[in-house]
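>>> the following block contains a protein sequence and its predicted model.
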Amino acid sequence: MVPFFPDDLFTADREVLLDLLYELGTGPSQRFILGEHTARFERELREQLGAADVVACSSGTSALTMLLHAMEVGPGDEVITPAFGCAPLAATVVNLGARPVFADIDPVTMTMDPEHAERLISPRTKVLMPAHMFSAMADMPAFTDLAARHGLRLLEDSAVAQGGVLDGRPAGLWGEAGVYSFVQVKTFGSIGEGGAVVTKDPELGRAVRMLRNHGQDGRTRFRHHRIGYNSRFDELMALFQLHRLPGLPARLERRAHIAAYYNARFEPLAEQGIQPPPGGRNGRCYYVYCLRARGRDELQQHLARQGVGTHVYYPRPLPRQPAFAACARGSWPRAELASQEILALPIYPHLTDTQVERIADAVCSFVPAPAPAGTR
Ligand SMILES: *Cc1c(COP(=O)(O)O)cnc(C)c1O
């Protein structure tokens, strides 16, 4: 059986983790949050990216929340966000009292469609929040242009695209600010919750630094300049991420290699109703490998019988979720279709070549039921 979510993500790092825990737990400073290791982690990411600031925080969701807050999003404001994606894309907006306005997706990249987004702009629109999805970055040149033409803020949800590069610019640095997530399943996942704000705007960086620790400035304790959050970062997490950071490019490369192999195997499967995601390297970051299949549920069962675990991201569009139904107006036919056709295959870097071949063989051996007469 090849599981979709592997239980041996960090087996190779177990000894190191114990050493780091011991080092931190017995160290002289006895500082477990927002200490020297967090500062070094932020500095390394900042230098690697060429960002003005990187602020480590408690999760990708919290990073989005603090950025929306720093951009002064509140009641009466609208944020244009993708109809297809994860809950934080809408929940962070609603939790600040603003309204998410859902845009349909591009049928190839599955990311927010800039043309539909433009049609949704109203006098209340404050922020455009495109998100990179699965393996493809959103059309950031188009969103940059859109934001400039309409005078909107641009927040890039790059939670799944750390290491991705589009036209020479890293994911996270296309918007005024971007976010990363270190939750276990992400490409730079860790041993708990964590995230980061990355920005080319030092003012936004300063604002988020304050919001992260209840509006304090990091110098004078118990002076609260603004109402903030507890979104502090853990020193053990910083040490572990510093340990894992040098290996990230190789792990991303392995993911891209597996995706290229899958694509080569699946491109001839159009007759079987199977369509691989867009390939190549520009604007790609292979976090989740999602193919589309006409008989998705049958393919999923077929793969399960062959011992291949899969996952459906996402079984329904965000505006179709009960939680967001109240703020959903419009229709999102491409997001609806994607939610019915999409299926994610295992793509983690420690899959062996044999496992990768077995997964591809299993997909290629799928024989779909004939499409009902007159539908295709
Ligand atoms: C994972 C994810 C988030 C949230 O990150 P957490 O660390 O889980 O809070 C936000 N946006 C996208 C697109 C994500 O995939």
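Yep, it's here.
>>> the nearest residue to Leu299 once chain neighbours are set aside: neighbouring residues, count only.
With sequence-adjacent residues excluded and distances taken as CB to CB, 6 or more residues apart in numbering, Leu299 is closest to Ala293, at 4.5 Å. Backbone N, C-alpha and C define where each C-beta goes, glycine included. Residues lying near Ala293 (other CB atoms under 10 Å) number 23.
>>> wait, doesn't Ala293 sit right on Ala270?
No: checked against CB atoms under 8 Å, the pair Ala293 and Ala270 is beyond contact range at 11.1 Å.
>>> shared neighbours of the two, anything?
Common neighbours of Ala293 and Ala270 are not found (criterion: CB atoms under 8 Å, 6 or more residues apart in numbering).
>>> how about the stretch 201-350 of the chain: which residue is closest to the ligand?
Across the stretch 201-350 of the chain, the shortest distance to the ligand (CB to the nearest ligand atom) belongs to Tyr287, at 7.8 Å.
>>> residues contacting that residue?
Tyr287 touches Phe134, Ser135, Val160, Ala161, Lys186, Thr187, Arg255, counting by CB under 8 Å, 6+ apart.
>>> for the most centrally placed residue in the chain, helix, strand, or coil?
Centroid-nearest residue in the chain: Val160, 2.6 Å away (criterion: CA atoms, centre = their mean). Secondary structure, DSSP: H, G, I helix; E, B strand; the rest coil: Val160 is coil.
>>> the stretch 201-350 of the chain: strands as residue ranges?
274-275, 289-293, 342-345 (DSSP state E, counting those that start in this stretch).
>>> now those in TSV, with mean pLDDT and distance to the ligand?
Output for these, formatted as TSV (pLDDT from 0 to 100; distance: least, CB to the nearest ligand atom, whole Å):
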stretch	mean pLDDT	distance to the ligand
strand 274-275	97	22
strand 289-293	97	13
strand 342-345	98	12
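>>> of these, which approaches Pro107 most closely?
strand 289-293 (8.9 Å; CB to CB).
>>> in PDB, could you pull the C-alpha coordinates for that closest one?
Written as PDB, here are the backbone C-alpha positions of strand 289-293 (Å, rounded to 0.1, in the frame of the first residue of the first chain):
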ATOM      1  CA  TYR A 289      -0.200  16.500  -7.800                       C
ATOM      2  CA  CYS A 290      -3.900  16.800  -9.000                       C
ATOM      3  CA  LEU A 291      -5.100  15.200 -12.200                       C
ATOM      4  CA  ARG A 292      -8.600  15.500 -13.500                       C
ATOM      5  CA  ALA A 293     -10.600  12.400 -14.400                       C
END
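>>> contacting residues around it?
Strand 289-293 has contacts (CB under 8 Å, 6+ apart) with 110, 134-135, 258-259, 262, 266, 273-277, 299, 313, 338, 341-347, 363, 366, 368.
>>> equivalent analysis for stretch 140-152, please.
112, 114, 117-118, 121, 125-128, 130, 153-154, 156, 166-167, 169, 174-175, 283.
>>> kindly supply the ChimeraX command isolating those of the residues you listed that are buried.
The ChimeraX command for the buried members of the contacts of stretch 140-152 (criterion: 16 or more other CB atoms under 10 Å) is given here:
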select :112,114,117,118,121,125,126,127,128,130,153,154,156,166,169,174,175,283
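>>> so who does the residue lying closest to Leu242 once chain neighbours are set aside touch?
Leaving aside its chain neighbours, Leu242 sits nearest to Phe41 (5.4 Å; criterion: CB to CB, 6+ apart). Residues in contact with Phe41 (CB under 8 Å, 6+ apart) are Ala56, Phe233, Ala238, Gln241, Leu242, Leu245.
>>> how about these in JSON lines, adding pLDDT?
Formatted as JSON lines, those follow (pLDDT from 0 to 100):
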{"residue": "Ala56", "pLDDT": "98"}
{"residue": "Phe233", "pLDDT": "98"}
{"residue": "Ala238", "pLDDT": "98"}
{"residue": "Gln241", "pLDDT": "98"}
{"residue": "Leu242", "pLDDT": "98"}
{"residue": "Leu245", "pLDDT": "98"}
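>>> would you say Val179 is within a helix?
No: Val179 is assigned strand when assessed by three-state DSSP, not a helix.
>>> how far is stretch 352-369 from where the chain is centred?
26 Å (CA atoms, centre = their mean, to the nearest Å).
>>> over to stretch 345-358?
Distance, stretch centre to chain centre, for stretch 345-358: 21 Å (CA atoms, centre = their mean).
>>> Val367 and Gln272 touch, don't they?
Yes: the criterion here is CB under 8 Å, and Val367 meets it with Gln272 at 7.1 Å.
>>> which one's more surrounded, these two?
Using other CB under 10 Å as the criterion, Val367 and Gln272 rank with Gln272 on top: 18 against 9.
>>> and the pLDDT at that one?
Looking at Gln272, its pLDDT is 92.
>>> name the nearest residue to it, sequence neighbours excluded.
Pro368 (5.6 Å).
>>> so the one you found sits in a helix?
No: under three-state DSSP, Pro368 sits outside any helix and is assigned coil.
>>> all the helices of the stretch 251-376 of the chain, residue numbers only.
Using DSSP state H, counting those that start in this stretch, the helices of the stretch 251-376 of the chain run over 296-305, 333-341, 353-364.
>>> give the contact list for whichever residue of the chain sits closest to the ligand.
Taking CB to the nearest ligand atom, the ligand has its nearest neighbour within the chain at Gly60, 2.4 Å off. Gly60 makes contacts with Pro88, Ala159, Val179, Tyr180, Ser181, Phe182, Val183, Lys186, Gly195, as judged by CB under 8 Å, 6+ apart.
>>> wait, the first one sits on Ala63?
No: because the distance of 9.3 Å does not satisfy CB under 8 Å, Pro88 is recorded as not touching Ala63.
>>> overlap in contacts, these two.
Counting by CB under 8 Å, 6+ apart, the common neighbours of Pro88 and Ala63 are Ala159.
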